[in-house]
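Q: give me a 3D structure for the following:
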Amino acid sequence: MDKRTMYAFRGWIAFVAFMDLGTAIRSYIEKRSFLSKTISDLDEYVDGEFTATRVLGVYSILKALVLVHCTLYIHYKPVVSMGVCSLISNIILYLSETVYFRASTFNFYVVFPCILNALTLGGLIYLPNHFKIWEHQMKDDEDTLRIGVLKRKRGFRQKKEY
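A: Presented below is the predicted three-dimensional model:
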């Protein structure tokens, strides 16, 4: 049961990464994002060069790459913490742009990614600790370290005897 749940969660993380790649592709194709302000009566964008849209696209690609690595290497604590940091920064980005800077309203393109990222963040914080993935990894690392130290000591003693 533990492996099935963890594999399902890894698939969920991959799905969220795929959604971010879709956001990146959409930001390059449409040249319009929730970050771009529109003038009320005109369909002209204030950001004429679409810089904010391209920045959102690059940011989405980087987040997707971090989440893909988090999916593949979920048994390494630093990689999971990188995934947690990228999810938190993405939630802060969406909420700050809508609440503080008022660049957009709470619409589907803001609420849906925030919900996805919040669920994934909760899973990344809870599931690896619940299944104790890192404890097994630490025990294996300690055993490997002990074996390496013993091999070095034996090799060192053998060299002294000659």
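Q: not counting sequence-adjacent ones, nearest residue to Val16?
A: Spatial nearest neighbour of Val16, excluding adjacent residues (CB to CB, 6 or more residues apart in numbering): Thr120 at 5.0 Å. All C-beta spots, glycine's among them, are computed from the backbone N, C-alpha and C.
Q: tell me which element that neighbour falls in.
A: Using DSSP states H and E, Thr120 maps to helix 108-130.
Q: again, but for Ala52
A: Using DSSP H and E, Ala52 falls within helix 51-72.
Q: may I have the helix or strand just after that helix as CSV, with CA atoms only?
A: Counting by DSSP H and E, the next helix or strand C-terminal to helix 51-72 is helix 77-95. Output of helix 77-95 as CSV, limited to C-alpha atoms (Å, rounded to 0.1, in the frame of the first residue of the first chain):
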residue,chain,number,x,y,z
LYS,A,77,15.4,15.4,1.2
PRO,A,78,17.1,18.4,-0.5
VAL,A,79,15.3,17.8,-3.7
VAL,A,80,11.9,17.6,-1.9
SER,A,81,12.8,20.9,-0.1
MET,A,82,13.5,22.5,-3.5
GLY,A,83,10.1,21.4,-4.7
VAL,A,84,8.5,22.8,-1.5
CYS,A,85,10.3,26.1,-2.0
SER,A,86,9.2,26.3,-5.7
LEU,A,87,5.6,25.6,-4.8
ILE,A,88,5.6,28.2,-2.0
SER,A,89,7.1,30.8,-4.3
ASN,A,90,4.5,30.1,-6.9
ILE,A,91,1.6,30.4,-4.5
ILE,A,92,3.1,33.7,-3.3
LEU,A,93,3.5,34.9,-6.9
TYR,A,94,-0.1,34.2,-7.7
LEU,A,95,-1.5,35.6,-4.5
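Q: break the protein into its domains for me.
A: Split into domains by automatic domain parsing, the chain comes to 2-131, 133-162.
Q: may I see the ones you listed arranged in TSV, with mean neighbour count and mean pLDDT as well?
A: TSV is the format used below for these (neighbours: other CB atoms under 10 Å; pLDDT from 0 to 100):
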stretch	mean neighbour count	mean pLDDT
domain 2-131	16	87
domain 133-162	10	61
